[in-house]
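Please work out how this folds:
(one chain, ligands or ions: 1)
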Amino acid sequence: MTIPHIPSITPSAFSALKFDYLIIGGGTAGLVLAARLSTHSTITVGVIEAGPMTFNDPIITVPGRFGESLGGRYDWQFETTPQPGLNGRALKWPRGKVLGGTSALNFMTWTRGNKEDYDAWKELGNEGWGWDDLLPYFKKTETLHQSTPEHQAQHQSHFDAEHHGTEGPITSIYSKEYSVPHQHWHATLNSLGLETNKSHFSGSNLGAFTTLTSVDPTTRTRVSAATAYYLPSAERENLHVLTEATVQVILLETKNDEYVATGVGYACNGEKFMAKVSHEVILCAGSVQSPQLLELSGIGRPEILEAAGIPVKVANPNVGKNLQDHMMTAMVYELDSTLIGPAELRTNPILAEAAEKAYKTSQSGMYAMLPCALSYASLSQVIPSPTLSSILSHLPPAETNRDQVLEKQFVDGKKRGQIEYIFDIGNWSPYFQREEGKVYGTMLMMLQLPLSKGCIHIPPKDHAPRPTEINNNPVINPKYFQGSGGALDFAIMTHAQRFADKICSTKPLSTLIRKRVFPLEAKEASPFDPVAHPVTGEEDFTDWVRNYTTTDWHPIGTCAMGGYTGDRAGVVDSRLRVYGVKGLRIADASIMPLHICAHPQATIYAIGEKAASMILEDRLK
Ligand SMILES: Cc1cc2nc3c(=O)[nH]c(=O)nc-3n(C[C@H](O)[C@H](O)[C@H](O)COP(=O)(O)OP(=O)(O)OC[C@H]3O[C@@H](n4cnc5c(N)ncnc54)[C@H](O)[C@@H]3O)c2cc1C
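Just a heads-up that it's a prediction; the model follows:
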């Protein structure tokens, strides 16, 4: 990758500048805004990012090393509270702390939700956020690199060019080659009634497909918001990016009886600074930290702010509420010992050297590979109809407009892939210990439209007289499987789990599998193992799902768009302006009112694109 000259700036020099727009968080959406707003040379843009700037660390750049940066210096290393719905377990919640944010840490899957996912946002009264409205922004982010007819025939790498972008900063590509299990994916899913979807970017991703990835087609390195949006703009004189600086508070002043955002207070190298803005502060700190910064600045539920010792400026009980996440299980299988996975690379220097050589010389081999065997299934495709009817008869009465729109998707649940399945070589479970010399594969299952709703808030101040501050981690409580909605999520996951196992016992994928090792198969398990020896005869995953469900790392919704209900249910309006404050917008995953049946990064880039275009439109008014 050619890296242009990147101007560095000191905090004092940064604070001396007069900004039109100040962006908090140089992450996925934040850098889209930075790049798009600074195309106009008369607009001065500042970005403050807590993490460092790096473009050549292989744990970020090399696709096949995905996951290695989790828990390290580029990760905020958050954790949830102990979750009663998960038998008291607390989960690790990685988030990117580096220029590029979580786009520099994620697993590069490039998917788009369904038409109905975004139309539901519009139905809630969020004008301009339906599928047809968002399609131009989806396209604006992307340049699709089309696969050849031969590649399509061999790897089912289909696309529908009409629905992809051709000039956007993010390159979306199909891999050169795929793992052996991937080569059996389509035939296996097809024989279970999940057809190959040849047009998975066109408004329905239902079915099996080989996924696109956000990877550079020439260097086969990760494409993140930092490489795709920031690097090409880095030399602009009107764009200033300060890294390793943490925003502590958004400065609010009253003008004509209204609160106006006038800048931010931040810390860098142990010193405190202020940066001022003439037009807008744009908060892009992500689903965990955007609500944290609002609350630290006096915008939120009064009881939370008072307990934290923060004076209430704008009372809005919705800040930090409406947290939704994709929940995931990871079932592990022992595979044919001739296969090679990531653990084999780590433990066998000869294999590692060969993989490195293939990657360096021809950008191929294991280090260029990502998990690409995906499938989205509707509830009726994976849960037998009498069971599904019984589960859905327990849909809780909708309490809000949002619940009502969400629950409609369950009634007409055939259109959307509410359950995602991915098969990948390697052991993905944090709970399963691999045995040396054995090769493993994992069947992942993810719930896409959760009814479990949680919250993220700043903690109360401790006994010290000082109020809660930025370095007091927010309290993350996703309330997985809690409440009547959570009970329904749980029932769906325990039943959909059987289909995950069915995929692995179906040919041709099953020909690569020796046995299931997590949870153990009946013949290997102790007579008391409830999964293997259920009272009913059919395997019962109830306890296993409760004990081993984790996050799929896709939290959204904590500063949601309010739609028709305005600040009674939301934090921002459909132009992403924070209710009750002038000159403050939010653009990141937190504004999504309902979850989507897809990996979210493409949608979050589109949110950044749409936000930039709305800001530029509003500037001309
Ligand atoms: C392990 C993992 C794997 C994933 N895999 C995929 C995938 O394969 N495909 C996919 O589509 N999605 C994936 N995702 C999800 C996706 O990457 C994220 O949802 C998305 O990147 C979030 O974008 P964002 O703009 O909301 O926040 P972020 O990209 O996280 O940006 C927020 C930025 O704000 C900065 N910040 C926060 N607080 C402050 C502060 N006080 N001061 C200054 N800066 C601050 C952060 O450091 C960060 O850079 C994955 C996520 C994880 C964690």
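
rest of the way, CA atoms for contacts and neighbours
OK.

residues from the stretch 51-200 of the chain in reach of the ligand?
51, 94-103, 106-110 (Cα under 6 Å from any ligand atom).

and I250, which of the three is it?
For I250, the assignment made with DSSP: H, G, I helix; E, B strand; the rest coil gives strand.

So it is in contact with M274, correct?
No. Look at I250 against M274 with Cα atoms under 8 Å: they stay out of range, at 9.7 Å.

These two - which one has more neighbours?
A direct count of neighbours by other Cα atoms under 10 Å for I250 and M274 places I250 higher, at 25 against 19.

distance of the residue nearest to G557 when sequence neighbours are not counted from K523?
Sequence neighbours aside, S590 is the residue nearest to G557 in space, at 4.4 Å (criterion: Cα to Cα, 6 or more residues apart in numbering). Look at S590 and K523: by Cα to Cα, to the nearest Å, they are 46 Å apart.

neighbour count winner among those two?
With neighbours defined as other Cα under 10 Å, S590 and K523 compare such that S590 has more, 30 against 9.

any weak-confidence spans in this protein?
Scanning the chain for pLDDT under 70 picks out 1, 412-414, 532-533, 535-537.

what separates the residue nearest to the spatial centre of it from C597, distance-wise?
Geometric centre of the chain, nearest residue: H554, 3.6 Å, by Cα atoms, centre = their mean. As judged by Cα to Cα, H554 and C597 stand 11 Å apart.

all helices for the stretch 351-500 of the chain, in order.
In the stretch 351-500 of the chain, the helices defined using DSSP state H, counting those that start in this stretch lie at 379-382, 385-392, 401-411, 483-504.

how about the ones you listed in JSON lines, adding mean neighbour count and distance to S364?
Formatted as JSON lines, those follow (neighbours: other Cα atoms under 10 Å; distance: least, Cα to Cα, whole Å):
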{"stretch": "helix 379-382", "mean neighbour count": "20", "distance to S364": "35"}
{"stretch": "helix 385-392", "mean neighbour count": "14", "distance to S364": "44"}
{"stretch": "helix 401-411", "mean neighbour count": "16", "distance to S364": "41"}
{"stretch": "helix 483-504", "mean neighbour count": "20", "distance to S364": "27"}
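
Please produce JSON lines containing those helices, extended by distance to V332.
Shown next, in JSON lines, are those (distance: least, Cα to Cα, whole Å):
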{"stretch": "helix 379-382", "distance to V332": "19"}
{"stretch": "helix 385-392", "distance to V332": "26"}
{"stretch": "helix 401-411", "distance to V332": "29"}
{"stretch": "helix 483-504", "distance to V332": "10"}
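
CSV for those helices, including distance to the ligand?
Formatted as CSV, the helices of the stretch 351-500 of the chain follow (distance: least, Cα to the nearest ligand atom, whole Å):
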stretch, distance to the ligand
helix 379-382, 22
helix 385-392, 29
helix 401-411, 20
helix 483-504, 20
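
and the longest strand anywhere in the chain, what other elements does it pack with?
Longest strand of the chain, by residue count under DSSP state E: strand 271-283. Applying 3 or more Cα pairs under 8 Å, 6 or more residues apart in numbering; DSSP states H and E, one finds that strand 271-283 contacts helix 11-16, strand 19-24, strand 258-268, strand 584-586.

do you know which of the ones you listed lies nearest M446?
strand 584-586 (27.5 Å; Cα to Cα).

That closest one - contacts with which helices or strands?
Secondary-structure packing of strand 584-586 (3+ Cα pairs under 8 Å, 6+ apart): strand 271-283.

in the strand it packs on, what counts as buried?
For strand 271-283, burial by neighbour count (16 or more other Cα atoms under 10 Å) applies to F273, M274, A275, K276, V277, H279, E280, V281, I282, L283.

residue contacts, the residue nearest to the fourth one when sequence neighbours are not counted?
Beyond its immediate neighbours in the sequence, the residue positioned closest to K276 (Cα to Cα, 6+ apart) is G263, lying 4.1 Å away. Contact criterion Cα atoms under 8 Å, 6 or more residues apart in numbering gives L22, I250, L251, L252, M274, A275, K276, V277, V281 as the residues in contact with G263.

Touching stretch 482-500 from outside, list them.
For stretch 482-500, contacts defined as Cα under 8 Å, 6+ apart pick out 84-85, 379, 382-383, 391-392, 394-396, 419, 421, 443-445, 447, 450-453, 479-481, 539-542, 545-546.

Among these, which ones are in strands?
Among the contacts of stretch 482-500, the members falling in strands (DSSP E) are I419, Y421, M443, L444, M445, L447.
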